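1. here you go, sequence then predicted model.
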Amino acid sequence: MSADTTGPSYAAVFGAPPAVTASAPGRVNLLGEHTDYQGGFVLPTAIPQQATVNLGRNGTSEHVLHSANLNQTLRIPVGEVGEGFAPYLTGCFALSGVQEGLNAFITSDVPSGGLSSSAALEVATLRALRQLNSLDLDDVALALRGVQVEHEFVGVMCGVMDQMASSLADTRTMLLIDTRSLERRAVPFPQGAEILVIDSGVPRRLAESGYNERRAQVEEASRLLGVPQLRDVTDPTAVETLPPVLRERARHVVTENGRVLAALEPGVDAARFGTLMNASHASLRDDYQVSHERVDELVALLQAHPEVFGARMTGAGFGGAVVALVREGQASAVAQTVLAQYSEQGTQVVP
């Protein structure tokens, strides 16, 4: 959902300019999906679209939160969580020790569905709070606080990738994150290639409940295999001893970690990286079962295009966005062709 730039401003809503303004980007993940809550490796990059949070004190015991995108204002007593979009902010407030009423004005052009719009909102809110209250909070600690907000206030037992990417990644490189140690380094995109992101037009359904279920399943799989996390399993055949469903879930995590490590090997070109992306989608579709038939159709159209090296779903799944690695300079043309084909099949979408 794009921000309505013709709509009201913080000053129009609250009668004065904000004390601080902060932004944070969404992210798209190239490889390493559903591995970050098992200590795995991930390769996200930031996208240009951002969430922006304007904050100011209001001298009351109530938070007033206005979303320009939703054209909605929520009033939440200090110390309470609230509903709707409120927990993403009130959770940040609570964990940052806020005990006074704040006014918040939110805009975002990060599409919902696989591009970490919620993490962008959390990181932007925490950046604004860091400015407002001079918090001693570095970028990693800030990301981890965003994860804590998801766990304790939103109710999604996410890993660390989304908030780490929103807090630390840029749009010029991929950010390799070891989600166990939090070590990270910038990795260049494959030479001669660029990224194309397309929203499938399928609203994400069951994403939160499905996400938590998948996490519980892989935690049980790691327990049965006698390892702290599936990150510690390097031989994919080891998961074949598990019962059905747990076996498939664990197989995805183990092989997905292998794909990320394979993408980092010397001499990996765009074609090889794309092949790894294609295999990642098949694993997410078949073993982890978090894709959607319409998403699969869009991915298949992209994979069939001669200028596309590889394509896959991205994010939690059950709808949402797809990402493709395409020949440099061809993203716009590929998007136009594939979107026309996809729309003929029944869904109007935008790149």
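-> Thanks, I have the structure now.
2. residues touching the closest residue to residue 78 other than its chain neighbours, list them.
-> In space, and not counting its chain neighbours, residue 78 is closest to residue 61: 5.0 Å by Cβ to Cβ, 6 or more residues apart in numbering. For every residue, glycine as well, the C-beta is placed using N, CA and C. Residues in contact with residue 61, defined by Cβ atoms under 8 Å, 6 or more residues apart in numbering, are 77-78, 100-101.
3. could you list the residues in contact with the helix or strand of the chain with the lowest mean pLDDT?
-> Across the helices and strands of the chain, mean confidence by mean pLDDT, DSSP states H and E is lowest for helix 207-225: a mean of 89. The set of residues external to helix 207-225 that reach it, using Cβ under 8 Å, 6+ apart, is 34, 37-38, 155-158, 228-230, 232-233, 238-239, 241-242, 245-247, 249-250, 253, 288, 290, 316-320.
4. quick check on these: which are buried?
-> 34, 37-38, 156-158, 229-230, 233, 238-239, 242, 246, 249-250, 253, 288, 290, 316-320 (16 or more other Cβ atoms under 10 Å).
5. buried residues of the helix or strand hosting residue 297, list them for me.
-> Residue 297 belongs to helix 293-304 when assigned by DSSP states H and E. Of the residues in helix 293-304, 294-299, 301-303 count as buried by neighbour count, 16+ other Cβ under 10 Å.
6. need those in CSV with pLDDT, can you?
-> Written out in CSV, the entries for the buried residues of helix 293-304 read as follows (pLDDT from 0 to 100):
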residue, pLDDT
294, 94
295, 95
296, 97
297, 96
298, 97
299, 98
301, 98
302, 98
303, 98
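7. which one of those residues is nearest to residue 46?
-> Within the set of the buried residues of helix 293-304, residue 302 lies nearest residue 46; the separation is 21.4 Å, counting by Cβ to Cβ.
8. please parse the chain into its domains.
-> Structural domains assigned to the chain are 10-187, 193-344, following automatic domain parsing.
9. so which of the ones you listed is the most packed in?
-> domain 10-187 (a mean of 20; mean count of other Cβ atoms under 10 Å).
10. average pLDDT for it?
-> Taken as a whole, domain 10-187 has an average pLDDT of 96.
11. now the end-to-end length of it.
-> With Cα to Cα, to the nearest Å as the measure, the first residue of domain 10-187 is 38 Å from its last.
12. before we move on, what about stretch 260-268?
-> Using Cα to Cα, one end of stretch 260-268 lies 11 Å from the other.
13. helix/strand/coil for residue 312?
-> When classified by DSSP: H, G, I helix; E, B strand; the rest coil, residue 312 comes out as strand.
14. ok, for it, nearest residue in space, not its chain neighbours?
-> residue 281 (3.6 Å).
15. which residues touch that neighbour?
-> Residues in contact with residue 281, defined by Cβ under 8 Å, 6+ apart, are 291, 296, 299, 311-313.
16. swap in residue 278?
-> Applying Cβ under 8 Å, 6+ apart, we find residue 278 in contact with 303, 310-312.
17. mind checking the SS state of it?
-> Three states are possible here, and by three-state DSSP the one that applies to residue 278 is helix.
18. distance of it from residue 218?
-> Relative to residue 218, residue 278 is positioned 23 Å away (criterion: Cβ to Cβ, to the nearest Å).
19. could you spell out the sheet neighbours of the longest strand along the chain, each with its direction?
-> As far as residue count goes, and with DSSP state E defining each element, the longest strand of the chain is strand 41-57. In the sheet containing strand 41-57, its partner strands are strand 20-31 (antiparallel), strand 102-108 (antiparallel), strand 174-178 (antiparallel), by DSSP bridges.
20. check which element follows that strand along the chain.
-> Using DSSP H and E, the helix or strand that directly follows strand 41-57 along the chain is strand 62-67.
21. so in that sheet, which strands flank that following strand, and in what orientation?
-> When pairing is defined by DSSP bridges, strand 62-67 lines up against strand 72-77 (antiparallel), strand 102-108 (parallel).
22. what's the spacing between it and its chain's center?
-> Put simply, strand 62-67 sits 24 Å off its chain's centre (Cα atoms, centre = their mean, to the nearest Å).
23. need the contact partners of that strand.
-> Here strand 62-67 makes contact (Cβ under 8 Å, 6+ apart) with 8, 10, 13-14, 58, 72-78, 82, 85-86, 89-90, 93, 101-106.
24. now with 10 Å?
-> Strand 62-67 is touched from outside by 1, 3, 7-8, 10, 12-14, 53-54, 56, 58, 72-80, 82, 84-86, 88-90, 93, 98, 100-108, 121, with contacts defined as Cβ atoms under 10 Å, 6 or more residues apart in numbering.
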